[in-house]
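In: please find the sequence and the predicted model below.
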Amino acid sequence: KNQVEQSPQSLIILEGKNCTLQCNYTVSPFSNLRWYKQDTGRGPVSLTIMTFSENTKSNGRYTATLDADTKQSSLHITASQLSDSASYICVVSRQAGTALIFGKGTTLSVSS
Amino acid sequence: SQTIHQWPATLVQPVGSPLSLECTVEGTSNPNLYWYRQAAGRGLQLLFYSVGIGQISSEVPQNLSASRPQDRQFILSSKKLLLSDSGFYLCAFDRGVTNYGYTFGSGTRLTVV
């Protein structure tokens, strides 16, 4: 069964601290994996997208890693800011058609 | 550049009333178009997708329908809303088989009262 599991479900950290969000998937055949940031009441915005051959990709303070062998990905946020408070969604795409598999997201709260 | 517009941002409708949510894409032609619903604490659920004008595929049976009257226009409708139709609705588009450029609209918060 094609699934995307994210952990933790929620996370609270202090401003300035780093954090890492996890994503495990059982999607096959794999095409690409992307991380989205979704602010409350808004649509998801793409942070990174990685194909099978890419191990890491950065977007400012966001760094995503992908291990296609173990089917795991992580999103590392460096020097967190209050504006990082949002839901982070891991999405895995299969190799054909419209099949995007969504994780349920990790809700990150950054406090001062 | 490619952009997607979705409106309205929020909507409060009585039970039994009709619904029409609109989504338009700019800067590209022949996009794949999608409607999602997102319930609190749950992942995005694909409702409909369209690969061309007049071509609509439904992922889940429900009280809603979708139409694509023009290449870059996607409409989500209902003849009679139910309380269970409340939720956050997202439109999205992409180009190509691998969904590489998947982009979401800003979403519509629908509350059925």
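Out: Arrived safely, thanks for sending. Residues are numbered from 1 along each chain as shown, chains lettered A, B, ... in the order given.

In: for stretch A:37-57, buried residues please.
Out: A:37-38, A:42-44, A:47-50, A:57 (16 or more other CB atoms under 10 Å in any protein chain shown). Just so you know, the C-beta spots here come from the backbone N, C-alpha and C atoms, and that holds for glycine as well.

In: of these, list those near chain B.
Out: A:42-44, A:49 (CB under 8 Å from any CB of the partner chain).

In: so what pairs up with the residue nearest the centre of chain B in the strands?
Out: Among the residues of chain B, the one closest to the centroid is residue B:35, at 2.9 Å (CA atoms, centre = their mean). Beta-bridge partners recorded for residue B:35 (DSSP bridges): residue B:48, residue B:91.

In: tell me how many other residues surround residue 31.
Out: Assuming you mean chain A. Per other CB atoms under 10 Å in any protein chain shown, the neighbour tally for residue A:31 reads 18.

In: think we crossed wires, I meant chain B
Out: By the criterion of other CB under 10 Å, residue B:31 has 23 neighbours.

In: let's have the ones next to chain B among the buried residues of stretch A:37-57 in a markdown table, adding secondary structure and pLDDT.
Out: As requested, these are arranged in a markdown table below (DSSP: H, G, I helix; E, B strand; the rest coil; pLDDT from 0 to 100):
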| residue | secondary structure | pLDDT |
| --- | --- | --- |
| A:42 | coil | 90 |
| A:43 | coil | 92 |
| A:44 | coil | 93 |
| A:49 | strand | 90 |
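
In: closest one of these to chain B?
Out: Checking these against chain B with CB to the nearest CB, the nearest one is residue A:43 at 3.8 Å.

In: not counting its neighbours along the chain, what's nearest the closest one?
Out: Closest residue in space to residue A:43, ignoring its immediate chain neighbours: residue B:104 at 3.8 Å, by CB to CB, 6 or more residues apart in numbering or on different chains.

In: pretty sure that neighbour contacts residue A:45?
Out: Yes. Contact criterion CB atoms under 8 Å: residue B:104 and residue A:45 qualify, at 7.4 Å.

In: give me the common contacts of those two.
Out: residue A:36 (CB atoms under 8 Å, 6 or more residues apart in numbering or on different chains).

In: beta-bridge partners for the residue in chain B positioned nearest to chain A, please?
Out: Residue nearest to chain A within chain B: residue B:104 (3.8 Å; CB to the nearest CB). Counting by DSSP bridges, residue B:104 is bridged to residue B:92.

In: okay, it and residue B:84: tell me how far apart.
Out: Distance check for residue B:104 against residue B:84: by CB to CB, to the nearest Å, it reads 23 Å.

In: repeat that for residue B:78.
Out: In this view, residue B:78 and residue B:84 are 11 Å apart by CB to CB.

In: chain B: strands as residue ranges?
Out: B:3-7, B:10-13, B:19-26, B:32-38, B:44-52, B:55-58, B:65-70, B:73-78, B:87-94, B:103-104, B:108-112 (DSSP state E).

In: what's the closest of those to residue A:99?
Out: For the strands of chain B, distance to residue A:99 was read as CB to CB. The smallest value, 9.1 Å, belongs to strand B:44-52.

In: give me the buried positions along that closest one.
Out: B:44-50.

In: residues in contact with the residue lying closest to residue B:6 once chain neighbours are set aside?
Out: Of all residues not flanking residue B:6 in the chain, residue B:105 sits nearest, at 3.2 Å (CB to CB, 6+ apart). Contacts for residue B:105 were tallied using CB under 8 Å, 6+ apart; they are A:43, B:4-6, B:23, B:90-92.
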